[in-house]
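Novice: this is a predicted model, with the sequence first.
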Amino acid sequence: MGKIELKAVEKWYGEAQVIKGVDLTIDDSEFVIFVGPSGCGKSTLLRMIAGLEETSRGQVIIDGRDATAEPPSKRGLAMVFQSYALYPHMSVRDNMGFSLKTAGAPKAEQEEKVAEAARALRLEEYLDRRPKDLSGGQRQRVAIGRSIVRDPTAFLFDEPLSNLDASLRVEMRYEIAKLHQALNATMIYVTHDQVEAMTLADRIVVLSAGRIEQVGSPRELYEHPANLFVAQFIGSPKMNILPCTVAEDAFSLPGGGGGPATGAAGATQLGIRPEAIAIGATGGGHVDGTVDVTEYLGADAYLIVDCGASGKLTVRTDGETSLRPGDPIGLTFEDRKLHFFDADGIALR
């Protein structure tokens, strides 16, 4: 079992409150990712679960027991840090089995568990090497293997891929996803990289200034953001936001375009994803604009379009587009993918 519950947890440093009454339930075998901007409290919250930071108020419940006052060694959790923290003078085998050795486990048990972890992480051929002889991705797998042998209640990952280059991050995302499938273990993962969050998580917890803004599956957060913060944080490029007014179930834009807006009374801002905008001739869409910048990415291209009073919009289009800076275009929004927000940034539909 690996169920973890946070009940109204708070963290204070003197007069400064950095975690502000967080309530969250993480179910057994679930992969949950904490995301948010720098300073939002995601790593602090993870360290509170691990016991590396004291919980000022509230409760941390692990498998039904109150673990708030327990030291890290009693919580049955394994933490994988950004730094590999491997012993350079030890082999991969000895690094992975070190915690079992210090706990006095029989040698046969040590060997069995190290062998199982090495198979899961495809490290068998590296067991007799030292960390200096491994790539960054292999070292991170050894650090993960060191946690696996302890058979923990849950795995806690604190930005484990941030030290790796782009290709290794892709490789390790795959490794971690396969590991979760193989172990069926509870995993809590902190990252600032929303690609990691979108591709790995069962549920994402979006944090801002010590509070949870929204919890949901990657699809729920992308398609139904609860507020303007989540709408612009989840998704790359971020959602376009335009000023609008709504009257009698219809919206109007500063440039004169508009359309139906049932259920969006009181909206002051309209949101639309870059891929939900169609390109056409001027005068026939919601807004007209001029291509400002073209960003070619191969199969796709992003157009930054200056739409005057409606602002600069990002449009995702085919990489074979012939549009260039200075070209006038009309933009049409997909009606069913419009998002409306009130003056406080709360989603209306």
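Specialist: Cool, got the structure. Numbers count the residues shown, from 1 in each chain.
Novice: and the chain, what are its domains?
Specialist: 4-230, 241-341 (automatic domain parsing).
Novice: can you redo those as TSV with mean neighbour count, distance to residue 347 and mean pLDDT?
Specialist: Glycine gets a C-beta too; all of them are placed from N, C-alpha and C. Formatted as TSV, those follow (neighbours: other CB atoms under 10 Å; distance: least, CB to CB, whole Å; pLDDT from 0 to 100):
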stretch	mean neighbour count	distance to residue 347	mean pLDDT
domain 4-230	18	6	91
domain 241-341	16	6	94
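Novice: looking at these, which is closest to residue 349?
Specialist: Closest to residue 349 of the domains of the chain, according to CB to CB: domain 241-341, at 4.8 Å.
Novice: picking that back up, could I get the domains of the chain as TSV with distance to residue 348?
Specialist: What follows is these, written out as TSV (distance: least, CB to CB, whole Å):
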stretch	distance to residue 348
domain 4-230	10
domain 241-341	4
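Novice: quick one: the helices in this structure, in order.
Specialist: Here the chain has its helices, by DSSP state H, at 42-50, 92-102, 107-120, 136-148, 166-183, 194-200, 218-223, 228-233.
Novice: who are the packing partners of the fifth one?
Specialist: Read that as helix 166-183. The helices and strands touching helix 166-183, judged by 3 or more CB pairs under 8 Å, 6 or more residues apart in numbering; DSSP states H and E, are helix 107-120, helix 136-148, strand 186-190, helix 194-200.
Novice: which outside residues touch the third one?
Specialist: Okay, so that is strand 186-190. 2-4, 26-35, 42-43, 46, 49, 153-160, 176, 180, 196, 200-201 (CB atoms under 8 Å, 6 or more residues apart in numbering).
Novice: among those residues, which ones are in strands?
Specialist: Mapping the contacts of strand 186-190 onto strands (DSSP state E) picks out 4, 26, 31-35, 154-158.
Novice: can I get the helices of the chain in JSON lines including distance to residue 73?
Specialist: Formatted as JSON lines, the helices of the chain follow (distance: least, CB to CB, whole Å):
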{"stretch": "helix 42-50", "distance to residue 73": "11"}
{"stretch": "helix 92-102", "distance to residue 73": "10"}
{"stretch": "helix 107-120", "distance to residue 73": "18"}
{"stretch": "helix 136-148", "distance to residue 73": "14"}
{"stretch": "helix 166-183", "distance to residue 73": "21"}
{"stretch": "helix 194-200", "distance to residue 73": "28"}
{"stretch": "helix 218-223", "distance to residue 73": "34"}
{"stretch": "helix 228-233", "distance to residue 73": "35"}
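Novice: for residue 240, which of those helices is the nearest?
Specialist: helix 228-233 (9.2 Å).
Novice: so what touches the closest one?
Specialist: With CB under 8 Å, 6+ apart as the test, helix 228-233 has contacts from 35-37, 194, 206, 208, 213-214, 221, 225, 238-239, 241, 269, 271, 339, 341, 345-347.
Novice: just the C-alphas of it, formatted as PDB.
Specialist: Taking C-alpha atoms only, helix 228-233 is exported to PDB below (Å, rounded to 0.1, in the frame of the first residue of the first chain):
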ATOM      1  CA  LEU A 228      -6.300  31.800 -15.900                       C
ATOM      2  CA  PHE A 229      -3.100  30.700 -14.100                       C
ATOM      3  CA  VAL A 230      -3.500  27.000 -15.000                       C
ATOM      4  CA  ALA A 231      -4.700  27.900 -18.500                       C
ATOM      5  CA  GLN A 232      -1.400  29.700 -19.200                       C
ATOM      6  CA  PHE A 233       0.900  27.500 -17.200                       C
END
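Novice: one step back: out of the helices of the chain, nearest to residue 78?
Specialist: So among those, helix 136-148 is nearest, using CB to CB, at 3.5 Å.
Novice: now the angle from that closest one to helix 166-183?
Specialist: Interaxial angle, helix 136-148 versus helix 166-183 (axes from the mean of the first three to the mean of the last three CA atoms, to 10 degrees): 30 degrees.
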